[in-house]
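Student: Based on what follows, work out the 3D shape:
(2 chains)
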Amino acid sequence: DGGITQSPKYLFRKEGQNVTLSCEQNLNHDAMYWYRQDPGQGLRLIYYSQIVNDFQKGDIAEGYSVSREKKESFPLTVTSAQKNPTAFYLCASRGLNQPQHFGDGTRLSIL
Amino acid sequence: AQSVTQLGSHVSVSEGALVLLRCNYSSSVPPYLFWYVQYPNQGLQLLLKYTSAATLVKGINGFEAEFKKSETSFHLTKPSAHMRDAAEYFCAVRISGGSYIPTFGRGTSLIVHP
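Tutor: From the prediction side, this is the model:
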């Protein structure tokens, strides 16, 4: 059964620590996206990738980094430079001429 | 440039009543429009999409939306609310022919009372 898997579902970070959120898809989609969701603010785009080995910054890329070494995988690293990382993070992918398909999210909290 | 405004951060209805969630968009070129639903601690699920074909679009779970160019609106409706419809709803817009980066509204929380 095809889909997007985000892991872990809940993640805790200590001050000054980098953490990596996993996003894997088996839908054979070329494009992948990372969004941050905060209450009452909708979805804000962090990074996106249209093809393997290429990615672009979204609206709120500061304090985050990504890689796209494989078509199936688009991990997001929340660095210590991100001063307010507590949020719900959503990964999405998209096939040609199709709307985005979303994973179930990772909730990141600061200890 | 594109933007979307969802009127009302919360909408409360009784079970069996009409559901109306409002979405107005701004786009310099013909838009594609979407409604998504999000249940607690889950991702977004596509309810329906408008891609310049029929202006009245039917989606899953009994929802539908009508594209009104003159009003720049794409409101979501359902004739009779059910308890399971309680969720967060997001309207999104993207321009046709551009890079596929939709802009999302801030969301409307639908509350359904028994």
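Student: At the geometric centre of chain B, which residue do we find?
Tutor: B:Trp35 (3.5 Å; CA atoms, centre = their mean).
Student: and it, bridged to which residues?
Tutor: B:Trp35 has these beta-bridge partners by DSSP bridges: B:Leu48, B:Cys91.
Student: How about the contacts made by B:Gln6?
Tutor: By CB atoms under 8 Å, 6 or more residues apart in numbering or on different chains, the contact set of B:Gln6 is B:21-23, B:89-91, B:105-108. For the C-beta atoms, the positions are set from N, CA and C on the backbone; glycine is no exception.
Student: got any ranges where the chain has weak pLDDT?
Tutor: Using chain A here. Applying pLDDT under 70 to chain A flags residues A:1-2.
Student: wrong one, chain B
Tutor: Low-confidence segments of chain B (pLDDT under 70): B:97-98.
Student: Where does it get nearest to chain A, which residue?
Tutor: Nearest to chain A in chain B, going by CB to the nearest CB, is B:Gly43, at a distance of 3.5 Å.
Student: from chain A, which residue is nearest to chain B?
Tutor: A:Phe102 (3.5 Å).
Student: And that residue, how close does it get to B:Ala86?
Tutor: 19 Å (CB to CB, to the nearest Å).
Student: quick one, which of these two is more surrounded?
Tutor: A count of neighbours by other CB atoms under 10 Å in any protein chain shown puts A:Phe102 above the other of A:Phe102 and B:Ala86, at 23 against 17.
Student: Correct me if wrong: that one contacts A:Ala92.
Tutor: Yes: if you go by CB atoms under 8 Å, A:Phe102 and A:Ala92 touch, sitting 4.7 Å apart.
Student: shared neighbours of these two, which are they?
Tutor: Shared contacts of A:Phe102 and A:Ala92, counting by CB under 8 Å, 6+ apart, come down to A:4, B:43-44.
Student: Give me the subset of those residues lying in strands.
Tutor: Of the positions in the shared contacts of A:Phe102 and A:Ala92, A:4, B:44 sit in strands, assigned by DSSP state E.
Student: so which of the shared contacts of A:Phe102 and A:Ala92 is the most crowded?
Tutor: Most surrounded of the shared contacts of A:Phe102 and A:Ala92: other CB under 10 Å gives B:Leu44, at 29 neighbours.
Student: Stretch A:104-111 and chain B in contact?
Tutor: Yes: between stretch A:104-111 and chain B, judged by CB under 8 Å from any CB of the partner chain, the touching residues are A:104-105, A:107.
Student: what about burial for those, which qualify?
Tutor: A:104-105 (16 or more other CB atoms under 10 Å in any protein chain shown).
Student: can I get the residues of stretch A:104-111 next to chain B in TSV with distance to B:Thr5 and secondary structure?
Tutor: Putting the residues of stretch A:104-111 next to chain B into TSV (distance: CB to CB, whole Å; DSSP: H, G, I helix; E, B strand; the rest coil) gives the following:
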residue	distance to B:Thr5	secondary structure
A:Asp104	27	coil
A:Gly105	24	coil
A:Arg107	27	strand
